[in-house]
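Peer 1: need coordinates for the following:
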Amino acid sequence: MHFHDRHRILIECLADGRFHSGSHLATDLGLSRAGVWGLIRELGELGLEVHAVHGKGYRLAEPLELLDENFIRGSLSESARRWLAELEIHPRLDSTNTHLANRARRGAPSGAVCLAESQSAGKGRLGRTWLSPFGGGIALSVLWRYDDIARLAGLSLAVGVAVMRALGRMGVEGAGLKWPNDILWRDRKLGGILLEASGEAHGGCAVVIGLGLNLHIPAESGQAIDQAWVDLRQIDQGIAAGRNRLVASLLDELLGLLADFGQAGLSAYLDEWRSHHSLHGRPVSVQLGDSLIHGRVAGVSAEGLLLVDDEDGARREFAAGDVRVRVAHV
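Peer 2: Numbering: from 1, shown residues only. Now for the predicted structure:
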């Protein structure tokens with residue numbers, strides 16, 4: 001669907017979670033009552049659940065905290081404000097990563113940040129789609145430029161450390177990391193990280209770091225997810241402090257890490273990553289192309305490679321690439 005100003009105005013009216021009469025909404029939107037009903041139905045395509053009650057009007061199934069640029073900027077630490085070059089917030093994009101990659105090709109600077117209330121083609125690892133119902137999570141991308149693409153090994157793991165720090169600051173307990181880029185809670189997916197790098201003529205590179213984090217995914221929307229998942233609402237953590245405060249906490253951690261990584265590298269973050277590794281010591285199956293390797297996770301190497309002791313006792317190393325790792329339930 002094409003998102004336009006009337007969708008935005010309607011969502012802003014309903015965001016408080018209270019009932020609003022069809023006649024008042026019609027006046028605010030400059031539409032007929034039938035026109036309002038048509039817009040209400042379209043909100044369902046965005047993943048928003050709207051209740052309609054005769055004599056009361058319309059309301060969202062639950063209140064919605066819309067992204068607020070001023071609040072986010074005002075909640076950042078002084079150092080994060082220095083690293084933040086640009087902050088864009090969009091009601092709907094195909095993908096925050098795609099949008100920022102396009103801006104990178106047009107010269108956008110390190111520290112450019114893009115957020116979207118929803119995505120029509122959110123990107124996950126290995127070509128998967130990342131579900132992004134309107135206001136149901138964090139869809140965040142950050143652009144950073146480095147002089148040498150060879151120094152970026154393990155950056156996705158370091159970004160995972162930044163996310164864990166931010167969640168910890170928000171009071172979220174029990175989260176962990178799954179190599180190479182998943183945020184888990186009790187083996188259910190809470191979020192994911194996607195890095196996309198492009199080389200440049202002068203030898204440097206531009207990296208877009210994408211983060212998707214589930215806050216409150218409607219049950220109907222969640223049926224489209226093909227793996228065990230969870231959101232912060234289900235685990236009742238991190239929501240009370242607010243969605244915008246969570247974005248600010250994430251940016252506080254991410255921007256400083258990205259600024260330091262070119263010099264510090266993965267070694268500065270690896271021990272901390274290992275402390276959050278959810279799969280360490282557990283039996284797994286690793287799919288690499290048409291091959292399936294069974295074994296037990298032995299850890300992560302200094303270069304960020306996954307170490308697995310296979311069934312024959314040999315230690316195998318895996319780079320992220322096209323590898324899929326699944327916990328083996330025995």
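Peer 1: geometric centre of the protein: which residue is closest?
Peer 2: residue 212 (1.1 Å; Cα atoms, centre = their mean).
Peer 1: that one: what's it in contact with?
Peer 2: Taking Cβ atoms under 8 Å, 6 or more residues apart in numbering as the definition of contact, the neighbours of residue 212 are 122, 124, 130, 132, 137, 138, 139, 140, 191, 192, 194. (Glycine included, C-beta is placed from N, CA and C.)
Peer 1: for the residues you listed, which one is nearest residue 174?
Peer 2: Ranking those by separation from residue 174, with Cβ to Cβ as the measure, puts residue 191 on top at 13.6 Å.
Peer 1: phi, psi of that closest one?
Peer 2: Backbone geometry at residue 191, expressed as degrees, to the nearest 10, gives phi -170, psi 170.
Peer 1: that one touches residue 217, doesn't it?
Peer 2: No: the criterion here is Cβ atoms under 8 Å, and residue 191 misses it with residue 217 at 11.4 Å.
Peer 1: so what sits against both of the two?
Peer 2: residue 137.
Peer 1: now the residue nearest to the centre of the chain: which helix or strand?
Peer 2: When elements are defined using DSSP states H and E, residue 212 is found to belong to strand 205-214.
Peer 1: report the strands that pair with that strand, each with its relative direction.
Peer 2: Taking DSSP bridges as the criterion, strand 205-214 forms sheet pairs with strand 137-146 (antiparallel), strand 188-199 (antiparallel).
Peer 1: distance from that strand to the middle of the chain?
Peer 2: Distance of strand 205-214 from the chain centroid (Cα atoms, centre = their mean, to the nearest Å) equals 8 Å.
Peer 1: so what secondary structure elements neighbour the longest helix along the chain?
Peer 2: Once the chain is assigned using DSSP state H, the helix that runs over the most residues is helix 243-264. Here helix 243-264 touches helix 69-75, helix 78-83, strand 137-146, helix 155-169, strand 205-214, going by 3 or more Cβ pairs under 8 Å, 6 or more residues apart in numbering; DSSP states H and E.
Peer 1: how about the ones you listed in CSV, adding mean pLDDT?
Peer 2: Converted to CSV, the helices and strands packed on helix 243-264 look like this (pLDDT from 0 to 100):
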stretch, mean pLDDT
helix 69-75, 97
helix 78-83, 96
strand 137-146, 96
helix 155-169, 96
strand 205-214, 95
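Peer 1: closest to residue 317 out of the ones you listed?
Peer 2: Comparing the helices and strands packed on helix 243-264 under Cβ to Cβ, the one sitting nearest is helix 155-169, at 14.5 Å.
Peer 1: what's that closest one packed up against?
Peer 2: In terms of contacts (3+ Cβ pairs under 8 Å, 6+ apart), helix 155-169 is packed against strand 175-178, strand 182-185, strand 188-199, strand 205-214, helix 243-264, helix 270-275.
Peer 1: right, and the helix or strand after the helix-or-strand element of the chain with minimal mean pLDDT?
Peer 2: Counting by mean pLDDT, DSSP states H and E, the weakest-scoring helix or strand in the chain turns out to be helix 219-222, with a mean of 68. Beyond helix 219-222 on the C-terminal side, the first helix or strand identified by DSSP H and E is helix 232-235.
Peer 1: good, we can wrap up now.
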